[in-house]
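Trainee: need a structure here:
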Amino acid sequence: MRFVNSTSRASGMMPRPATPDLFRSMKLITIATSAVLLGSAFGAEAPSRNDLTVVLDESGIRNLGIDVAPAEESSFETTVFALGEIDHTCESHSVLSSRIAGRVIEVGIHEGEFASKGEVLARVESRQVGDPPPVIELKSPGDGLVTRSDVHLGAPVEPGKDLLEILDLSTVWAVARVPQDQANILSDELVAKIRVPALGDGVREAKFLRMGVKADAAAGTLEAIFELPNPGNRLRPGMRTELSLVASRRDGVLSVPREALQGGGSDRFVFIKDYEVENAFVKTPVVTGATSNDRVEIISGLFPGDEVVTRGAYALAFAGKGNASLKEALDAAHGHPHNEDGSEMTADQIEAEGTEQTGHSHDHHGLSPLTLFLAITCVVLILLLIASPFVFRARAKA
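Mentor: Got it, this is the predicted structure:
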């Protein structure tokens, strides 16, 4: 109780009860405590194994095309992605021409074929008088692919006119369009991993040669040139390329293939193969780090050797609990009964299940002791909140 000052007491005034401040404070504290306890009561239990596990039968595995790969500790490369195309080098270009005027009387090569240095590519009959007129041979100035030809049987030939263009494609350039805000990674040590979709034959590596002469202000990119060996001359000018520029490299980093990662924002997860139940996959939250061209760093949530689902991971996220029973799979794997949530049945539950099968039913899946205690505590606090106004009024009358 809080009383007025001594002057009031001396004048014979009755003591005034406490202001509502204390009551309001107790009310707020009770409400807040109840909310916390209720949240704890119904959120204390983690999701059951059944809620996180997708169990499939053999047909489900085939239909979803499930494939797995291990989480590995290895060298991890942070990369910058860029698009580009194949181009010929400056030194690769050569042309064939004639020193005399005349006409073509023999053609030895055509556009799209490869020439060898010194090979006779055409014969030209001179316009000089003679019987027969003089004939000269036009030989290839170098090795390479004939990319343009104006050599046709009977066609006139003039001195200084380019008759053939030849490109040496043993070495080519991959010209990448690099985002200008990433240009700081361009250095002599920079390596690019290059994929050519048209060939589909894996990844090639190339070293940075130099920056190009063009910058695209609208697209915000600049040219970077990488020198690329071309055994077999399969790379041709104009082919589209996809480049991963290796900005940094770290060893001993745990990572998984990018296609294994599901979810978005703060809700990132993967599916890992259950270590004891066949064809079962467990949804596992993870914390991610840096991303490379084909892998993503895992900071927490996995251990090396965990087998994560790669192909079919997206479909698993929408497969619910699958098309098979976790309980049946665990019963078969362990040889004793389990609950529907994946937990092992106690002796009482096994006995109750037997009783239920004979026509009697008992519920052994109620609230846990912790949840029940917290719920009772909330009820007591709420009753105290309801009763508190009556207590204050009684004390005020006294």
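Trainee: confidence-wise, which helix or strand of the chain is lowest on average?
Mentor: Here the helix or strand of the chain ranked lowest by mean pLDDT, DSSP states H and E is helix 6-10, holding a mean of 42.
Trainee: alpha carbons of stretch 240-252, in PDB - could you do that?
Mentor: Presented in PDB, the C-alpha positions along stretch 240-252 are these (Å, rounded to 0.1, in the frame of the first residue of the first chain):
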ATOM      1  CA  ARG A 240      29.700 -18.400 -77.700                       C
ATOM      2  CA  THR A 241      31.700 -19.000 -74.400                       C
ATOM      3  CA  GLU A 242      30.900 -19.000 -70.700                       C
ATOM      4  CA  LEU A 243      33.800 -18.000 -68.500                       C
ATOM      5  CA  SER A 244      34.300 -18.300 -64.800                       C
ATOM      6  CA  LEU A 245      37.100 -16.000 -63.800                       C
ATOM      7  CA  VAL A 246      38.900 -17.400 -60.700                       C
ATOM      8  CA  ALA A 247      39.100 -14.400 -58.300                       C
ATOM      9  CA  SER A 248      40.500 -16.300 -55.300                       C
ATOM     10  CA  ARG A 249      41.200 -19.800 -54.100                       C
ATOM     11  CA  ARG A 250      41.100 -21.400 -50.600                       C
ATOM     12  CA  ASP A 251      42.000 -24.900 -49.400                       C
ATOM     13  CA  GLY A 252      40.000 -27.100 -47.100                       C
END
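Trainee: go ahead and name everything in contact with that stretch.
Mentor: Residues outside stretch 240-252 that contact it (C-beta atoms under 8 Å, 6 or more residues apart in numbering): 73-86, 174, 176, 178, 182, 185, 190-198, 224, 226, 292-293. The way it works is simple: take the backbone N, C-alpha and C, and place the C-beta from them, glycine included.
Trainee: which of those fall within helices?
Mentor: Among these, no member falls in helices (DSSP state H).
Trainee: ok, of those, which come out buried?
Mentor: Buried members of the contacts of stretch 240-252, counted by 16 or more other C-beta atoms under 10 Å: 76-80, 82, 84, 86, 174, 176, 178, 182, 185, 190-196, 224, 226, 292-293.
Trainee: need the contact list for the most centrally placed residue in the chain.
Mentor: Among the residues of the chain, the one closest to the centroid is residue 258, at 3.3 Å (C-alpha atoms, centre = their mean). By C-beta under 8 Å, 6+ apart, the contact list for residue 258 reads 291, 294, 295, 296.
Trainee: recalculate using a threshold of 10 Å.
Mentor: 291, 292, 293, 294, 295, 296, 310 (C-beta atoms under 10 Å, 6 or more residues apart in numbering).
Trainee: tell me the phi and psi of it?
Mentor: Per-residue torsions, residue 258: phi -60, psi -30 (degrees, to the nearest 10).
Trainee: neighbours of the residue nearest to residue 93 when sequence neighbours are not counted, just the number please.
Mentor: Leaving aside its chain neighbours, residue 93 sits nearest to residue 167 (6.1 Å; criterion: C-beta to C-beta, 6 or more residues apart in numbering). Residue 167 has 22 neighbours, counted by other C-beta atoms under 10 Å.
Trainee: what ranges in the stretch 251-398 of the chain fall below the confidence cut-off?
Mentor: Within the stretch 251-398 of the chain, the stretches with pLDDT under 70 are 321-374, 387-398.
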